[in-house]
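Chemist: test case, fold it:
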Amino acid sequence: MLMALQILEESGEVLTVAALGVGKLRNCPGSAHKGPPNVDKLKRILHGAISQKLEDGRLPLQQEGEEWHLWKDDPPTTPCYKYRTRFGVGLAPVRLVSFPCSGNTWTRYLLEATTGIFTGSVYNDKSLVNGGFLGEKENRRGLTIVQKTHAHSVVQSSLDNMGKRYEGIAPKLPAVLLIRNPAKTIISYWKFKKTKSHVKQLNEEKFDGDGFRFFVPYSIPRWESLILDRLLWSEAPVFVLHYEHLLENTIPTLRNVLAFLGVPVDEGRLACVSTHLSGSFKRQGNKDFDPYTDDEKKLMAVAAFRVNRTLQLLGYQPLPTYT
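Modeler: Predicted coordinates:
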């Protein structure tokens, strides 16, 4: 069953008609094409927020069971030493959607540190579990503040299977959509693929050769389609989180994410995050270098243009200036 989404410029010109959903099609103002209710309705859905059930002004936590001591290496007399991370109770399901190596693990660390609640995942990365992300192994609903997914971007299959893409994006669930510069993301993803590690570095010479040359045009359309699928097929609120904004303005950006998630701010935790920003899985020693051909850069520019236009037409901030 299909539902069309028409993206119109101010002039009323139809730029794109993407499909998937249900319902009868009707005429849209300013267009000879047929489509669903206007873009304003979609914007109201996308720019909504999560409603959580609070107890005494806080999200309910499990008082027994597994916990993680966040900053156990701090002196015991300092204010951040006391904080722990636990599982929640009855939390709303929210996807944390990103292309691989877009800063997902660091974002999860920041969310766990500021909320005191584990984040989850549709995967089970044992290295993350051993590093304190205990929600990585927990699939029961309501226990974690967000649940990580890369959807179809990590599936070794054609992008032509729209049904699988639609199912993988879980459009009825709200989401935090994490977006990072594709040039940086693909470099980080290649490092992860080759080292099987979230923190190890890779010699620049490993970016030469047919392997990386194949990997780049394979990854670019998956970066783009993951973002566009999440935006255009969503039937629930979506918070667009630019990795570069989180990196440059961590605390203000986190406040905005918490407001979207319906999480009351714990100022003590937020103060401690401001002095413990890096986390344990942030890859250290990254160098700026350019392994891309001119043709590969053109492909990324075209993909970023489509993403940027869609973001702006749907009322979101544009992509940062990528350098």
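Chemist: just the helices from the stretch 51-200 of the chain, written as ranges.
Modeler: All helices of the stretch 51-200 of the chain, identified by DSSP state H, counting those that start in this stretch, fall at 104-115, 126-130, 162-169, 182-195.
Chemist: highest average neighbour count across these?
Modeler: Neighbour counts (mean count of other CB atoms under 10 Å) averaged over each of these peak at helix 104-115, with a mean of 24. Backbone N, C-alpha and C define where each C-beta goes, glycine included.
Chemist: packing partners of it?
Modeler: Applying 3 or more CB pairs under 8 Å, 6 or more residues apart in numbering; DSSP states H and E, we find helix 104-115 packed against strand 95-98, strand 175-179, helix 243-248, helix 250-261, helix 267-275.
Chemist: can you redo those as CSV with mean neighbour count, mean pLDDT and distance to residue 130?
Modeler: Formatted as CSV, the helices and strands packed on helix 104-115 follow (neighbours: other CB atoms under 10 Å; pLDDT from 0 to 100; distance: least, CB to CB, whole Å):
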stretch, mean neighbour count, mean pLDDT, distance to residue 130
strand 95-98, 27, 96, 20
strand 175-179, 25, 98, 23
helix 243-248, 17, 96, 25
helix 250-261, 17, 98, 25
helix 267-275, 15, 97, 22
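Chemist: tabulate the ones you listed in CSV, adding columns for distance to residue 117.
Modeler: Compiled in CSV, the helices and strands packed on helix 104-115 are given as follows (distance: least, CB to CB, whole Å):
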stretch, distance to residue 117
strand 95-98, 13
strand 175-179, 14
helix 243-248, 18
helix 250-261, 10
helix 267-275, 11
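Chemist: in the longest helix along the chain, what's buried?
Modeler: Under DSSP state H, the helix in the chain containing the largest number of residues is helix 210-233. Within helix 210-233, the residues scored as buried using 16 or more other CB atoms under 10 Å are 212-213, 215-216, 219-220, 222-233.
Chemist: rewinding a little: and of the helices of the stretch 51-200 of the chain, who's closest to residue 48?
Modeler: helix 162-169 (17.4 Å; CB to CB).
Chemist: got any ranges where this structure has weak pLDDT?
Modeler: For the chain, the stretches flagged by pLDDT under 70 are 1-37, 156-158, 196-206, 280-287.
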